[in-house]
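1. how would this look folded up:
(2 chains)
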Amino acid sequence: MRGKGAVVNMKERKKWLIVWICLVAVLLVASILVPGNAKSESIQETMRDAVLHDTGRISFFGLKDVNPGFISAVTVSVFLLLFAACVRIFAIPRFKMRPGKFQMLIEQLVSLFDNMAKTNSPHRNGFLGAYIFGAGVYIFVGTFFELFGVQMQTTAGHMITLPAPLSDVNAAIAMGCMSYLVILSGGVAQNGLRGVGSTLKEFSLPISMSFRLFGALLSGLLVTELVYYYVNLSFVLPVVVAVMFTLLHALIQSYVLTMLVALYYGEVSEVHEKKVSKKAKVEAA
Amino acid sequence: MPLNIDWQQILLHALNFVILVGGLYFLLFGPVKKFMAKREEYCRGMEEKAAQTLEEAEKLKADYAAQLQTVDEEIDRKRAEAQHALDVSVQQQLTDAKAQAAEIVMDAHKAADRTREKILADTQKELTEIAVQAAKKLVYENQTDIFDSFLNKVEGGEPNE
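-> Okay, the predicted model is just below:
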(Lines give C-alpha, C1' and ligand atoms only; values in the text may rest on other atoms or scores of the structure.)
Protein backbone atom coordinates (compact mmCIF):
# COMPACT_ATOMS: atom_id res chain seq x y z
CA MET A 1 0.00 0.00 0.00
CA ARG A 2 2.76 2.39 0.98
CA GLY A 3 4.71 1.69 -2.21
CA LYS A 4 1.66 2.46 -4.32
CA GLY A 5 1.13 5.77 -2.45
CA ALA A 6 4.75 6.77 -2.97
CA VAL A 7 4.46 6.14 -6.70
CA VAL A 8 1.34 8.32 -6.89
CA ASN A 9 3.11 11.11 -4.99
CA MET A 10 6.10 10.93 -7.31
CA LYS A 11 3.86 11.17 -10.36
CA GLU A 12 2.05 14.15 -8.86
CA ARG A 13 5.33 15.86 -8.12
CA LYS A 14 6.63 15.26 -11.63
CA LYS A 15 3.45 16.68 -13.09
CA TRP A 16 3.82 19.90 -11.10
CA LEU A 17 7.49 20.15 -12.00
CA ILE A 18 6.69 19.88 -15.72
CA VAL A 19 3.96 22.53 -15.39
CA TRP A 20 6.34 24.88 -13.59
CA ILE A 21 9.13 24.41 -16.15
CA CYS A 22 6.68 25.02 -19.00
CA LEU A 23 5.40 28.20 -17.33
CA VAL A 24 8.92 29.50 -16.84
CA ALA A 25 9.84 28.69 -20.46
CA VAL A 26 6.73 30.40 -21.84
CA LEU A 27 7.29 33.53 -19.79
CA LEU A 28 10.97 33.62 -20.74
CA VAL A 29 10.25 33.34 -24.44
CA ALA A 30 7.40 35.83 -24.22
CA SER A 31 9.47 38.39 -22.36
CA ILE A 32 12.19 38.13 -25.00
CA LEU A 33 9.90 38.14 -28.04
CA VAL A 34 7.41 40.80 -27.00
CA PRO A 35 8.92 44.23 -27.77
CA GLY A 36 9.21 46.59 -24.80
CA ASN A 37 8.79 50.34 -24.78
CA ALA A 38 11.60 52.15 -26.43
CA LYS A 39 14.14 53.24 -23.85
CA SER A 40 13.57 56.87 -23.03
CA GLU A 41 17.19 57.38 -22.02
CA SER A 42 20.55 55.77 -22.64
CA ILE A 43 22.50 53.90 -19.94
CA GLN A 44 24.80 56.89 -19.58
CA GLU A 45 21.86 59.17 -18.94
CA THR A 46 20.29 56.70 -16.50
CA MET A 47 23.45 56.38 -14.47
CA ARG A 48 24.19 60.09 -14.62
CA ASP A 49 20.69 60.76 -13.31
CA ALA A 50 21.16 58.17 -10.59
CA VAL A 51 24.20 60.12 -9.43
CA LEU A 52 23.14 63.70 -9.99
CA HIS A 53 19.32 63.63 -9.89
CA ASP A 54 19.27 66.73 -12.07
CA THR A 55 16.43 65.56 -14.27
CA GLY A 56 14.44 63.06 -12.23
CA ARG A 57 13.24 65.39 -9.47
CA ILE A 58 10.08 65.00 -7.46
CA SER A 59 7.75 67.66 -6.14
CA PHE A 60 7.68 67.70 -2.33
CA PHE A 61 3.97 68.36 -1.59
CA GLY A 62 4.03 71.04 -4.27
CA LEU A 63 6.38 73.16 -2.14
CA LYS A 64 9.65 72.46 -3.86
CA ASP A 65 11.19 70.09 -6.35
CA VAL A 66 13.60 67.86 -4.50
CA ASN A 67 15.85 64.91 -5.25
CA PRO A 68 14.21 61.50 -4.92
CA GLY A 69 16.66 60.77 -2.10
CA PHE A 70 14.95 63.38 0.06
CA ILE A 71 11.55 61.81 -0.51
CA SER A 72 13.12 58.47 0.45
CA ALA A 73 14.63 60.07 3.57
CA VAL A 74 11.30 61.51 4.66
CA THR A 75 9.50 58.23 3.93
CA VAL A 76 12.05 56.26 5.94
CA SER A 77 11.90 58.76 8.81
CA VAL A 78 8.10 58.69 8.92
CA PHE A 79 8.11 54.90 8.83
CA LEU A 80 10.71 54.69 11.61
CA LEU A 81 8.95 57.24 13.78
CA LEU A 82 5.61 55.50 13.34
CA PHE A 83 7.20 52.18 14.19
CA ALA A 84 8.90 53.72 17.26
CA ALA A 85 5.61 55.28 18.34
CA CYS A 86 3.81 51.95 18.00
CA VAL A 87 6.53 50.22 20.01
CA ARG A 88 6.40 53.00 22.62
CA ILE A 89 2.62 52.85 22.97
CA PHE A 90 1.88 49.16 22.56
CA ALA A 91 5.03 47.19 23.31
CA ILE A 92 7.13 48.99 25.92
CA PRO A 93 4.38 49.18 28.58
CA ARG A 94 4.01 45.40 28.20
CA PHE A 95 7.73 44.70 28.51
CA LYS A 96 8.46 41.94 30.99
CA MET A 97 11.38 41.22 33.26
CA ARG A 98 11.81 37.96 31.37
CA PRO A 99 11.79 39.22 27.76
CA GLY A 100 10.00 37.65 24.81
CA LYS A 101 11.37 37.48 21.26
CA PHE A 102 10.30 40.94 20.11
CA GLN A 103 11.37 42.58 23.35
CA MET A 104 14.71 40.85 23.13
CA LEU A 105 15.18 42.08 19.56
CA ILE A 106 14.46 45.70 20.52
CA GLU A 107 16.65 45.48 23.61
CA GLN A 108 19.49 43.94 21.62
CA LEU A 109 19.24 46.73 19.07
CA VAL A 110 19.36 49.43 21.72
CA SER A 111 22.10 47.78 23.77
CA LEU A 112 24.19 47.16 20.61
CA PHE A 113 24.57 50.89 19.98
CA ASP A 114 24.63 51.80 23.65
CA ASN A 115 27.45 49.34 24.31
CA MET A 116 29.29 50.55 21.22
CA ALA A 117 29.12 54.08 22.61
CA LYS A 118 30.22 52.98 26.07
CA THR A 119 33.07 50.85 24.77
CA ASN A 120 34.54 53.42 22.41
CA SER A 121 33.83 56.49 24.45
CA PRO A 122 34.04 56.04 28.20
CA HIS A 123 33.09 59.69 28.84
CA ARG A 124 29.80 61.41 28.02
CA ASN A 125 28.44 58.48 26.06
CA GLY A 126 24.71 58.96 26.80
CA PHE A 127 24.15 61.39 23.94
CA LEU A 128 26.54 59.49 21.68
CA GLY A 129 24.54 56.28 22.18
CA ALA A 130 21.32 58.01 21.18
CA TYR A 131 22.98 59.57 18.12
CA ILE A 132 24.59 56.43 16.77
CA PHE A 133 21.40 54.51 17.45
CA GLY A 134 19.48 56.97 15.25
CA ALA A 135 22.19 57.07 12.61
CA GLY A 136 22.65 53.29 12.50
CA VAL A 137 18.94 52.58 12.23
CA TYR A 138 18.52 55.32 9.60
CA ILE A 139 21.36 54.03 7.42
CA PHE A 140 20.26 50.41 7.73
CA VAL A 141 16.57 50.95 7.05
CA GLY A 142 17.31 53.64 4.46
CA THR A 143 19.58 51.34 2.51
CA PHE A 144 17.12 48.49 2.84
CA PHE A 145 14.38 50.81 1.60
CA GLU A 146 15.56 50.66 -2.01
CA LEU A 147 14.70 46.95 -2.07
CA PHE A 148 11.00 47.77 -1.82
CA GLY A 149 11.10 49.63 -5.14
CA VAL A 150 8.60 52.34 -4.22
CA GLN A 151 7.58 54.18 -7.40
CA MET A 152 7.11 57.95 -7.64
CA GLN A 153 6.36 60.26 -10.52
CA THR A 154 8.97 62.82 -11.37
CA THR A 155 8.25 66.38 -12.36
CA ALA A 156 9.17 65.34 -15.90
CA GLY A 157 6.27 62.87 -15.80
CA HIS A 158 8.04 59.53 -15.84
CA MET A 159 8.09 57.03 -12.97
CA ILE A 160 11.21 56.34 -10.97
CA THR A 161 12.02 53.96 -8.15
CA LEU A 162 12.90 55.73 -4.94
CA PRO A 163 16.58 55.15 -4.15
CA ALA A 164 18.27 54.78 -0.76
CA PRO A 165 18.30 58.20 0.92
CA LEU A 166 22.06 58.18 1.35
CA SER A 167 22.70 57.53 -2.34
CA ASP A 168 21.89 61.23 -2.67
CA VAL A 169 25.08 63.20 -2.12
CA ASN A 170 23.17 65.88 -0.20
CA ALA A 171 21.95 63.32 2.33
CA ALA A 172 25.45 61.87 2.67
CA ILE A 173 26.93 65.34 3.21
CA ALA A 174 24.23 66.14 5.78
CA MET A 175 24.95 62.90 7.62
CA GLY A 176 28.73 63.45 7.49
CA CYS A 177 28.49 67.03 8.73
CA MET A 178 26.02 66.13 11.48
CA SER A 179 28.32 63.37 12.65
CA TYR A 180 31.25 65.77 12.64
CA LEU A 181 29.26 68.30 14.66
CA VAL A 182 28.34 65.59 17.17
CA ILE A 183 32.02 64.68 17.52
CA LEU A 184 32.88 68.36 17.91
CA SER A 185 30.19 68.79 20.56
CA GLY A 186 31.66 65.88 22.53
CA GLY A 187 35.10 67.50 22.42
CA VAL A 188 33.77 70.89 23.47
CA ALA A 189 31.61 69.49 26.26
CA GLN A 190 34.46 67.49 27.75
CA ASN A 191 37.60 69.49 27.02
CA GLY A 192 36.48 72.97 25.97
CA LEU A 193 38.85 74.67 23.56
CA ARG A 194 41.27 71.77 23.64
CA GLY A 195 38.38 69.58 22.42
CA VAL A 196 37.69 72.00 19.59
CA GLY A 197 41.35 71.85 18.64
CA SER A 198 41.51 68.08 18.64
CA THR A 199 38.31 67.89 16.57
CA LEU A 200 39.45 70.48 14.07
CA LYS A 201 42.61 68.44 13.56
CA GLU A 202 40.36 65.92 11.84
CA PHE A 203 39.04 68.52 9.41
CA SER A 204 38.81 65.96 6.60
CA LEU A 205 36.40 63.84 8.63
CA PRO A 206 33.09 65.28 7.36
CA ILE A 207 34.23 64.96 3.76
CA SER A 208 35.57 61.44 4.20
CA MET A 209 32.48 60.28 6.07
CA SER A 210 30.11 61.89 3.59
CA PHE A 211 31.77 60.55 0.49
CA ARG A 212 32.38 57.14 1.99
CA LEU A 213 28.66 56.79 2.60
CA PHE A 214 27.76 58.32 -0.73
CA GLY A 215 30.24 56.19 -2.67
CA ALA A 216 29.29 52.96 -0.98
CA LEU A 217 25.57 53.39 -1.41
CA LEU A 218 25.84 54.88 -4.88
CA SER A 219 27.90 51.95 -6.09
CA GLY A 220 25.10 49.60 -5.01
CA LEU A 221 22.56 51.80 -6.73
CA LEU A 222 24.57 51.99 -9.94
CA VAL A 223 25.08 48.25 -10.09
CA THR A 224 21.36 47.72 -9.55
CA GLU A 225 20.51 50.33 -12.22
CA LEU A 226 22.92 48.68 -14.61
CA VAL A 227 21.46 45.25 -14.00
CA TYR A 228 17.88 46.41 -14.44
CA TYR A 229 18.70 48.47 -17.53
CA TYR A 230 19.37 45.39 -19.63
CA VAL A 231 16.56 42.89 -20.06
CA ASN A 232 18.99 40.04 -20.50
CA LEU A 233 20.38 40.64 -17.01
CA SER A 234 16.94 40.77 -15.44
CA PHE A 235 16.63 37.02 -14.84
CA VAL A 236 17.75 35.55 -11.50
CA LEU A 237 20.68 37.97 -11.25
CA PRO A 238 18.72 40.86 -9.61
CA VAL A 239 17.68 38.56 -6.77
CA VAL A 240 21.29 37.96 -5.89
CA VAL A 241 22.63 41.40 -6.76
CA ALA A 242 19.88 43.46 -5.16
CA VAL A 243 19.60 41.46 -1.96
CA MET A 244 23.31 40.88 -1.50
CA PHE A 245 24.40 44.41 -2.33
CA THR A 246 21.65 46.04 -0.35
CA LEU A 247 21.89 43.86 2.71
CA LEU A 248 25.66 44.00 2.85
CA HIS A 249 25.71 47.75 2.31
CA ALA A 250 23.05 48.26 4.94
CA LEU A 251 24.99 46.30 7.52
CA ILE A 252 28.48 47.47 6.63
CA GLN A 253 27.69 51.16 6.26
CA SER A 254 25.66 51.26 9.48
CA TYR A 255 28.52 49.63 11.32
CA VAL A 256 31.27 51.74 9.74
CA LEU A 257 29.67 55.14 10.30
CA THR A 258 28.51 54.44 13.85
CA MET A 259 31.85 52.91 14.77
CA LEU A 260 33.78 55.86 13.30
CA VAL A 261 31.61 58.40 15.10
CA ALA A 262 31.94 56.50 18.39
CA LEU A 263 35.72 56.20 18.00
CA TYR A 264 36.31 59.85 17.14
CA TYR A 265 33.87 60.98 19.81
CA GLY A 266 35.72 58.88 22.36
CA GLU A 267 39.04 60.30 21.20
CA VAL A 268 38.08 63.95 21.41
CA SER A 269 36.12 63.57 24.66
CA GLU A 270 38.99 61.79 26.37
CA VAL A 271 39.91 63.43 29.66
CA HIS A 272 43.40 64.93 29.47
CA GLU A 273 45.38 65.06 32.64
CA LYS A 274 46.63 68.53 33.44
CA LYS A 275 50.31 68.94 32.74
CA VAL A 276 52.28 69.48 35.88
CA SER A 277 54.36 72.62 35.62
CA LYS A 278 58.10 72.60 36.24
CA LYS A 279 57.63 74.76 39.28
CA ALA A 280 55.16 72.31 40.78
CA LYS A 281 57.53 69.44 40.00
CA VAL A 282 60.37 71.21 41.76
CA GLU A 283 58.12 71.97 44.71
CA ALA A 284 56.98 68.36 44.88
CA ALA A 285 60.61 67.16 44.72
CA MET B 1 27.41 73.21 -7.73
CA PRO B 2 29.26 70.07 -8.79
CA LEU B 3 27.52 66.72 -8.19
CA ASN B 4 24.22 68.60 -7.88
CA ILE B 5 25.08 69.56 -4.31
CA ASP B 6 22.28 71.76 -2.99
CA TRP B 7 22.78 73.46 0.37
CA GLN B 8 19.07 73.77 0.92
CA GLN B 9 18.60 70.04 0.41
CA ILE B 10 21.54 69.33 2.70
CA LEU B 11 19.82 71.38 5.39
CA LEU B 12 16.52 69.63 4.71
CA HIS B 13 18.22 66.27 5.05
CA ALA B 14 19.89 67.44 8.25
CA LEU B 15 16.55 68.64 9.62
CA ASN B 16 14.93 65.33 8.71
CA PHE B 17 17.76 63.45 10.38
CA VAL B 18 17.68 65.55 13.55
CA ILE B 19 13.93 65.03 13.85
CA LEU B 20 14.43 61.30 13.33
CA VAL B 21 17.23 61.03 15.90
CA GLY B 22 15.24 63.05 18.47
CA GLY B 23 12.07 61.08 17.82
CA LEU B 24 13.84 57.74 18.05
CA TYR B 25 15.52 58.83 21.26
CA PHE B 26 12.29 59.89 22.94
CA LEU B 27 10.14 57.08 21.59
CA LEU B 28 12.46 54.10 21.56
CA PHE B 29 16.02 54.50 22.78
CA GLY B 30 15.27 56.35 26.03
CA PRO B 31 12.30 54.25 27.22
CA VAL B 32 14.00 50.95 26.32
CA LYS B 33 17.20 52.02 28.10
CA LYS B 34 15.15 53.13 31.07
CA PHE B 35 13.38 49.79 31.18
CA MET B 36 16.68 47.94 30.88
CA ALA B 37 18.13 50.02 33.71
CA LYS B 38 15.03 49.25 35.77
CA ARG B 39 15.41 45.56 35.09
CA GLU B 40 19.10 45.74 35.93
CA GLU B 41 18.17 47.43 39.18
CA TYR B 42 15.54 44.75 39.80
CA CYS B 43 18.06 41.99 39.11
CA ARG B 44 20.64 43.69 41.29
CA GLY B 45 18.04 43.98 44.05
CA MET B 46 17.21 40.31 43.68
CA GLU B 47 20.88 39.45 43.72
CA GLU B 48 21.44 41.55 46.84
CA LYS B 49 18.38 40.01 48.44
CA ALA B 50 19.63 36.54 47.57
CA ALA B 51 23.07 37.38 48.95
CA GLN B 52 21.48 38.79 52.10
CA THR B 53 19.28 35.72 52.49
CA LEU B 54 22.30 33.51 51.95
CA GLU B 55 24.25 35.49 54.53
CA GLU B 56 21.37 35.21 57.00
CA ALA B 57 21.14 31.49 56.32
CA GLU B 58 24.89 31.14 56.88
CA LYS B 59 24.59 33.11 60.10
CA LEU B 60 21.64 30.98 61.19
CA LYS B 61 23.60 27.87 60.34
CA ALA B 62 26.54 29.10 62.39
CA ASP B 63 24.17 29.93 65.26
CA TYR B 64 22.63 26.50 65.10
CA ALA B 65 26.07 24.92 64.96
CA ALA B 66 27.09 26.95 68.01
CA GLN B 67 23.85 26.01 69.74
CA LEU B 68 24.40 22.38 68.87
CA GLN B 69 27.90 22.65 70.28
CA THR B 70 26.46 24.19 73.48
CA VAL B 71 23.79 21.52 73.63
CA ASP B 72 26.43 18.82 73.30
CA GLU B 73 28.42 20.39 76.08
CA GLU B 74 25.26 20.73 78.18
CA ILE B 75 24.39 17.11 77.53
CA ASP B 76 27.89 16.05 78.56
CA ARG B 77 27.68 18.19 81.67
CA LYS B 78 24.23 16.85 82.57
CA ARG B 79 25.40 13.34 81.93
CA ALA B 80 28.42 13.89 84.19
CA GLU B 81 26.17 15.36 86.88
CA ALA B 82 23.74 12.47 86.58
CA GLN B 83 26.58 10.00 86.71
CA HIS B 84 27.97 11.74 89.77
CA ALA B 85 24.55 11.78 91.44
CA LEU B 86 24.13 8.14 90.58
CA ASP B 87 27.53 7.30 91.99
CA VAL B 88 26.74 9.24 95.15
CA SER B 89 23.37 7.54 95.42
CA VAL B 90 24.85 4.12 94.82
CA GLN B 91 27.55 4.82 97.36
CA GLN B 92 24.96 6.02 99.83
CA GLN B 93 22.80 3.02 99.24
CA LEU B 94 25.80 0.76 99.57
CA THR B 95 26.74 2.42 102.82
CA ASP B 96 23.17 2.19 104.08
CA ALA B 97 23.00 -1.41 103.02
CA LYS B 98 26.24 -2.17 104.79
CA ALA B 99 25.04 -0.39 107.89
CA GLN B 100 21.74 -2.17 107.69
CA ALA B 101 23.49 -5.47 107.16
CA ALA B 102 25.75 -4.82 110.14
CA GLU B 103 22.71 -3.96 112.23
CA ILE B 104 20.95 -7.08 111.05
CA VAL B 105 24.01 -9.16 111.87
CA MET B 106 24.25 -7.53 115.27
CA ASP B 107 20.57 -8.16 115.93
CA ALA B 108 21.04 -11.69 114.75
CA HIS B 109 23.95 -12.12 117.12
CA LYS B 110 21.92 -10.69 119.98
CA ALA B 111 18.97 -12.89 119.14
CA ALA B 112 21.27 -15.87 118.90
CA ASP B 113 22.78 -15.00 122.26
CA ARG B 114 19.36 -14.62 123.77
CA THR B 115 18.23 -17.89 122.27
CA ARG B 116 21.36 -19.60 123.50
CA GLU B 117 20.89 -18.17 126.95
CA LYS B 118 17.29 -19.18 126.93
CA ILE B 119 18.15 -22.62 125.71
CA LEU B 120 20.77 -22.87 128.41
CA ALA B 121 18.30 -21.67 131.02
CA ASP B 122 15.67 -24.02 129.77
CA THR B 123 18.14 -26.87 129.70
CA GLN B 124 19.28 -26.08 133.21
CA LYS B 125 15.69 -25.90 134.30
CA GLU B 126 14.88 -29.17 132.63
CA LEU B 127 17.97 -30.74 134.11
CA THR B 128 16.95 -29.42 137.49
CA GLU B 129 13.48 -30.80 137.01
CA ILE B 130 14.87 -34.11 135.85
CA ALA B 131 17.17 -34.19 138.84
CA VAL B 132 14.31 -33.32 141.15
CA GLN B 133 12.19 -35.98 139.52
CA ALA B 134 14.94 -38.50 139.82
CA ALA B 135 15.48 -37.57 143.45
CA LYS B 136 11.80 -37.71 144.06
CA LYS B 137 11.59 -41.03 142.41
CA LEU B 138 14.40 -42.36 144.43
CA VAL B 139 12.95 -40.99 147.60
CA TYR B 140 9.40 -42.20 146.95
CA GLU B 141 10.63 -45.66 145.86
CA ASN B 142 12.46 -46.10 149.15
CA GLN B 143 9.51 -44.78 151.16
CA THR B 144 7.11 -47.28 149.52
CA ASP B 145 9.39 -50.11 150.39
CA ILE B 146 9.59 -48.95 153.98
CA PHE B 147 5.89 -48.43 154.17
CA ASP B 148 5.24 -51.89 152.72
CA SER B 149 7.60 -53.56 155.11
CA PHE B 150 5.95 -51.68 157.89
CA LEU B 151 2.52 -52.79 156.84
CA ASN B 152 3.74 -56.37 156.44
CA LYS B 153 5.19 -56.37 159.79
CA VAL B 154 2.09 -54.90 161.20
CA GLU B 155 -0.21 -57.39 159.63
CA GLY B 156 2.23 -60.16 160.13
CA GLY B 157 1.40 -61.53 157.13
CA GLU B 158 2.84 -62.03 153.92
CA PRO B 159 4.25 -59.24 152.09
CA ASN B 160 1.48 -57.41 150.50
CA GLU B 161 1.63 -57.76 146.87
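
2. Show me the helices in chain B, by range?
-> With helices called from DSSP state H, chain B shows them at B:7-24, B:30-155.

3. May I see these arranged in CSV, with mean neighbour count as well?
-> In this view, the C-beta of every residue, glycine as well, is placed from N, C-alpha and C. Listed next are these as CSV, based on neighbours: other CB atoms under 10 Å in any protein chain shown:
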stretch, mean neighbour count
helix B:7-24, 18
helix B:30-155, 11
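
4. For the residue nearest the centre of chain B, give its distance to chain A.
-> Among the residues of chain B, residue B:82 comes closest to the average C-alpha position under CA atoms, centre = their mean, at 6.8 Å. Computed as CB to the nearest CB, to the nearest Å, the residue B:82 to chain A distance reads 59 Å.

5. Residue B:95 now?
-> To chain A, residue B:95 is 79 Å away according to CB to the nearest CB.

6. check which helix or strand covers the residue in the stretch 151-285 of chain A that chain B sits nearest to.
-> Proximity of the stretch 151-285 of chain A to chain B (CB to the nearest CB) peaks at residue A:174, 3.6 Å away. Assigned by DSSP states H and E, residue A:174 belongs to helix A:169-191.

7. Report the angle between whichever helix or strand comes after that helix and helix A:169-191.
-> Along the chain past helix A:169-191, the next helix or strand (assigned with DSSP H and E) turns out to be helix A:193-200. Interaxial angle, helix A:193-200 versus helix A:169-191 (axes from the mean of the first three to the mean of the last three CA atoms, to 10 degrees): 150 degrees.

8. close to chain B, is the next helix or strand after helix A:193-200?
-> Beyond helix A:193-200 in the direction of the C-terminus, DSSP H and E gives the next helix or strand as helix A:205-229. No: judged by CB under 8 Å from any CB of the partner chain, helix A:205-229 makes no contact with chain B; its nearest approach is 8.7 Å.

9. Please name every helix or strand in contact with helix A:205-229.
-> With contacts taken as 3 or more CB pairs under 8 Å, 6 or more residues apart in numbering or on different chains; DSSP states H and E, helix A:205-229 sits against helix A:43-52, helix A:125-145, helix A:169-191, helix A:237-268.

10. could you redo the last one with a cut-off of 10 Å?
-> For helix A:205-229, the elements it packs on are helix A:43-52, helix A:125-145, strand A:159-161, helix A:169-191, helix A:237-268, judged by 3 or more CB pairs under 10 Å, 6 or more residues apart in numbering or on different chains; DSSP states H and E.

11. Would you verify that residue A:156 is located in a strand?
-> No: counting by DSSP: H, G, I helix; E, B strand; the rest coil, residue A:156 is not found in a strand; it is coil.

12. who wins for proximity to residue B:132 among the helices and strands packed on helix A:205-229?
-> Smallest distance to residue B:132 across the helices and strands packed on helix A:205-229 (CB to CB): 146.0 Å, for helix A:125-145.

13. what residue ranges in the stretch 101-250 of chain A score low on pLDDT?
-> In the predicted model, the stretch 101-250 of chain A carries pLDDT under 70 at residues A:231-233.

14. Which positions in it make contact with chain B?
-> With CB under 10 Å from any CB of the partner chain as the criterion, the stretch 101-250 of chain A meets chain B at residues A:103, A:106-107, A:109-111, A:113-114, A:126-127, A:129-135, A:137-138, A:141-142, A:165-166, A:168-179, A:181-182, A:210-211, A:214.

15. Now for residue 56: which residues touch it?
-> This is for chain A. Residues near residue A:56 by CB atoms under 10 Å, 6 or more residues apart in numbering or on different chains: A:41, A:46, A:49-50, A:67-68, A:152-156, A:158-160, A:163.

16. can you do 8 Å?
-> A:49, A:68, A:154, A:156, A:158, A:160 (CB atoms under 8 Å, 6 or more residues apart in numbering or on different chains).

17. What values do phi and psi take at residue A:65?
-> When read as degrees, to the nearest 10, the backbone of residue A:65 gives phi -80, psi 120.

18. Got the phi and psi for the nearest residue to it once chain neighbours are set aside?
-> Leaving aside its sequence neighbours, residue A:65 sits nearest to residue A:57 (CB to CB, 6 or more residues apart in numbering or on different chains; 4.4 Å). Dihedral angles of residue A:57 (phi, psi; degrees, to the nearest 10) stand at phi -100, psi 160.

19. Contacts only, for residue A:57.
-> Taking CB under 8 Å, 6+ apart, we find residue A:57 in contact with A:65-68, A:154-156.
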